[in-house]
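Visitor: Pasting a predicted model and its sequence here:
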Amino acid sequence: MSNPLFYRLSLTMIPQVGPVTAKKLIETLGSAEQVFNTPKSDLLSILGEQDKIVENILEKKTFKKAENEIQFIEDKGIQVLYYQDDDFPERIRVQPAAPALLFYKGNASLNHHRTIGIVGTRKTTPYGQDICSNIVQEMRKYDVQVISGLANGIDSVAHKSSLENGIPTIGVLGHGLQMLYPYNNDKLAAEMTEHGGLLTEYTSTEGPDREHFPARNKIVATMCDALLVVESPSRGGSLITARFANDYFKKVFAIPGRTNDTMSEGCNSLIKNKLADLVENGEDIAQAMKWKAQSNIANIQTQLFIELDDQEKEIISVIKKLDTPSLDRLCYETKILNSEMASLLLNLEFKGVIKSLPGKRYIQTA
């Protein structure tokens, strides 16, 4: 079989082959396919005499599982993101232990120019629900993408509020896309695939095992520019996510609560120990992140738009509609040749109307 995805899946499905090992093998040997065609002695040399992993590679027992996974991916319309591809989330790619493969179902860009993670307890209070909803609503004018873990409680409030306010929202899962956990969020998840997306590092054979959720929290922390903890007891997944965010030098914010409120113990502790900044509303977050409101950008855009020719206006319209489209997608949507498109995009960058992102993607700046 010559399908690169088949070998990438086969490699990442091998027991004891984590992201670091998989990427080491791929980068040393040139491709996942070549890993399976490499002699035992060479594999042992690369992996430092890890006999069991080498044995698992040579036995090729994951080939059938990979075939089944490809069938599942095709049937469900899932996008597989490879760490060397342009559309792989750039914020995740830069982490050494980032997954080699991610599985995505949705239509929102995973390289949005502003992202905020919102997490909190599953046993939320009306106070937490209200303040979470209000902050998401306030975030609308700052053109952000909201990321959370699709759990009950604050996660669900953040996702629902995002959809209500027309904000793209990404749910990071601790299991494969063959199911949804918690099950009561199935309608919410379906709506998110239309106005955001669902992302996971797990194949369809992986269920919601306990050990998967810290890894899920790490992805949330990695993907966000800022993390907001709304409500949290003294222990829990939200604090794990906050710890990861601090480790990755992300800005962490927390909503304070009453000193005798167990659902605010975690937030108060983060603030007290200077692991998070105290915020009361969305404006506090925007000010700390130096985010400008979209309305201000729109005023500048109106002035500049009349200075653009028809092709440039069409390109801007597509970028606005699709949210960080790639060069190829812009060519497809506008029917402009690749060589001509490159020149037009460069001219728009000189005018300060757009900005190029990693992976030949573009965002509107004015």
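Guide: Looks like it came in fine.
Visitor: From the contact counts, what lies against the helix or strand hosting Leu346?
Guide: Assigned by DSSP states H and E, Leu346 belongs to helix 338-350. Other elements packing on helix 338-350 under the criterion 3 or more Cβ pairs under 8 Å, 6 or more residues apart in numbering; DSSP states H and E are helix 310-322, helix 327-334, strand 354-357. (C-beta placed from N, C-alpha, C; glycine too.)
Visitor: what helices or strands is the first one leaning on?
Guide: On a contact count with 3+ Cβ pairs under 8 Å, 6+ apart, helix 310-322 meets helix 327-334, helix 338-350, strand 354-357, strand 361-364.
Visitor: Reformat the helices and strands packed on helix 338-350 as TSV; add distance to Leu278 and mean neighbour count.
Guide: Converted to TSV, the helices and strands packed on helix 338-350 look like this (distance: least, Cβ to Cβ, whole Å; neighbours: other Cβ atoms under 10 Å):
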stretch	distance to Leu278	mean neighbour count
helix 310-322	35	16
helix 327-334	41	16
strand 354-357	32	17
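Visitor: Turn the helices and strands packed on helix 310-322 into JSON lines, columns for mean pLDDT and distance to Ala97.
Guide: Converted to JSON lines, the helices and strands packed on helix 310-322 look like this (pLDDT from 0 to 100; distance: least, Cβ to Cβ, whole Å):
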{"stretch": "helix 327-334", "mean pLDDT": "87", "distance to Ala97": "30"}
{"stretch": "helix 338-350", "mean pLDDT": "84", "distance to Ala97": "34"}
{"stretch": "strand 354-357", "mean pLDDT": "82", "distance to Ala97": "23"}
{"stretch": "strand 361-364", "mean pLDDT": "84", "distance to Ala97": "24"}
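Visitor: and of these, who's closest to Gln145?
Guide: Ranking the helices and strands packed on helix 310-322 by proximity to Gln145 (Cβ to Cβ) places strand 361-364 first, at 11.7 Å.
Visitor: contacting residues around the closest one?
Guide: The set of residues external to strand 361-364 that reach it, using Cβ atoms under 8 Å, 6 or more residues apart in numbering, is 86, 109, 111, 113, 297, 301, 316, 319-320, 323-327, 330, 345, 353-357.
Visitor: and with 6 Å instead?
Guide: Strand 361-364 is touched from outside by 111, 113, 319-320, 324, 326, 354-356, with contacts defined as Cβ atoms under 6 Å, 6 or more residues apart in numbering.
Visitor: Also stretch 314-330?
Guide: So stretch 314-330 is in contact with 109, 111, 333-334, 341, 360-364, going by Cβ under 6 Å, 6+ apart.
Visitor: chain center to it, what's the gap?
Guide: How far stretch 314-330 lies from its chain's middle: 20 Å, per Cα atoms, centre = their mean, to the nearest Å.
Visitor: same check, this time on stretch 76-93
Guide: 9 Å.
Visitor: Pull it out as CSV, backbone CA atoms only.
Guide: C-alpha atoms of stretch 76-93 as CSV (Å, rounded to 0.1, in the frame of the first residue of the first chain):
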residue,chain,number,x,y,z
LYS,A,76,-17.2,10.0,8.9
GLY,A,77,-15.6,12.7,6.9
ILE,A,78,-12.8,13.2,9.4
GLN,A,79,-9.7,15.3,8.5
VAL,A,80,-6.4,13.8,9.6
LEU,A,81,-3.7,16.4,10.4
TYR,A,82,-0.1,15.4,10.1
TYR,A,83,2.5,17.3,12.1
GLN,A,84,4.5,18.2,9.0
ASP,A,85,1.5,19.5,7.1
ASP,A,86,0.7,23.2,6.6
ASP,A,87,-2.8,22.9,8.2
PHE,A,88,-1.5,21.3,11.4
PRO,A,89,-2.2,23.7,14.4
GLU,A,90,0.9,25.8,14.6
ARG,A,91,0.5,26.4,18.4
ILE,A,92,0.6,22.6,18.9
ARG,A,93,3.4,21.9,16.4
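Visitor: Give me the buried positions along that stretch.
Guide: In terms of neighbour count (16 or more other Cβ atoms under 10 Å), stretch 76-93 has its buried residues at 78, 80-83, 86-89, 91-93.
Visitor: which of these lies closest to Ala215?
Guide: For these, the minimum distance to Ala215 (Cβ to Cβ) is 11.9 Å, reached by Ile92.
Visitor: How much space separates that closest one from Ile170?
Guide: 12 Å (Cβ to Cβ, to the nearest Å).
Visitor: the bottom helix or strand of the protein by mean pLDDT?
Guide: The weakest-scoring helix or strand in the chain, judged by mean pLDDT, DSSP states H and E, is helix 294-305 (a mean of 50).
Visitor: For Ile147, give its distance to Tyr181.
Guide: In terms of Cβ to Cβ, Ile147 sits 18 Å off from Tyr181.
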